[in-house]
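1. Here is my input, please return the structure:
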Amino acid sequence: MNNDLKQEQIARINLYALISRIMMSEIDEGLLKSIEEDENMLSFFSTFKEWKKRKELDSKDLIERYLNVDFTNLFLLHLIPYESFYTRDDQMLETGGDNPVQAIFNAFEFNVQLDKARVMAADHIAIELEFMYELCRAELKALEEGNSKVAQEIAQIQYGFMRDHILEWAPMYLLNVKSEAGTAFYFDAADLALEFIMSDFEYLTELKNSGYNHQA
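-> Numbering: from 1, shown residues only. Take a look at the predicted model:
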């Protein structure tokens, strides 16, 4: 496994982890500090970097007075971050065992603790991105072990899940988040997620067209 490929896979893993975490629950001081002290991560949040409130308030006040309020609005109250809401004709959440995303997770033994994650169904945007994170980790492990066949199979799963699920609804939801965001932080987070999802699908498409040849 060459170093460029390894670094590319690590970057994908890190971005899926970051975006999934931000959309799973309210930001805490530790995560905010990590973003602000890492120039690479902060570069993804260019609007937030220059946001007046960020410069005026300490992290605790910024989170409690603005970021947590915005998270509640965008992920819990006014927007619906679930695939089934966007893809079902009746716009009802599929919270039971018939959820097609849950069936996929079950097939791959990806366990979702809904109560711990504080989500109502497995097709929450943060959970779907966490699934991609786990697939990327497994793909990297296979590549490091020289098991190209397994790595190809995992990449195929990623391509299919992205095409059949995430791309069917997440871009529309993220555009709504950008439109409704009351803080620079969540505007940038939605923009980052949207750009990354589209570029990662482009990467997966190119990989598919190469016959899943990671070294191509």
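2. Run the chain-centre distance for the lowest-mean-pLDDT helix or strand in the chain.
-> For the chain, the helix or strand with the lowest mean confidence is helix 114-117, at a mean of 73 (criterion: mean pLDDT, DSSP states H and E). Relative to its chain's centre, helix 114-117 lies at 17 Å (CA atoms, centre = their mean, to the nearest Å).
3. next helix or strand past it?
-> helix 125-144 (DSSP states H and E).
4. what comes up buried for the next helix-or-strand element following that next one?
-> Where DSSP H and E defines the elements, the next helix or strand beyond helix 125-144 is helix 148-161. Neighbour-count burial for helix 148-161, counted by 16 or more other CB atoms under 10 Å, picks out 151, 152, 154, 155, 157, 158, 159, 161. C-beta: built from backbone N, CA, C; applies to glycine.
5. and the gap between the first one and residue 137?
-> Spelled out, it's residue 151. Distance of residue 151 to residue 137, computed by CB to CB, to the nearest Å: 12 Å.
6. Setting aside sequence neighbours, what's the nearest residue to residue 44?
-> residue 192 (4.7 Å; CB to CB, 6 or more residues apart in numbering).
7. Could you say which helix or strand holds the one you found?
-> helix 184-209.
8. Please state the offset of that helix from the chain centre?
-> With CA atoms, centre = their mean, you get 9 Å for helix 184-209.
9. Report the angle between it and helix 125-144.
-> 40 degrees (axes from the mean of the first three to the mean of the last three CA atoms, to 10 degrees).
10. mind listing what's buried in helix 184-209?
-> By 16+ other CB under 10 Å, the buried positions in helix 184-209 come out as 184-194, 196-197, 200-201, 204, 207-208.
11. what pLDDT does the residue of the chain positioned farthest from its centre get?
-> Distance from the C-alpha centroid of the chain peaks at residue 56, with 29.3 Å (CA atoms, centre = their mean). What the model reports for residue 56 is a pLDDT of 94.
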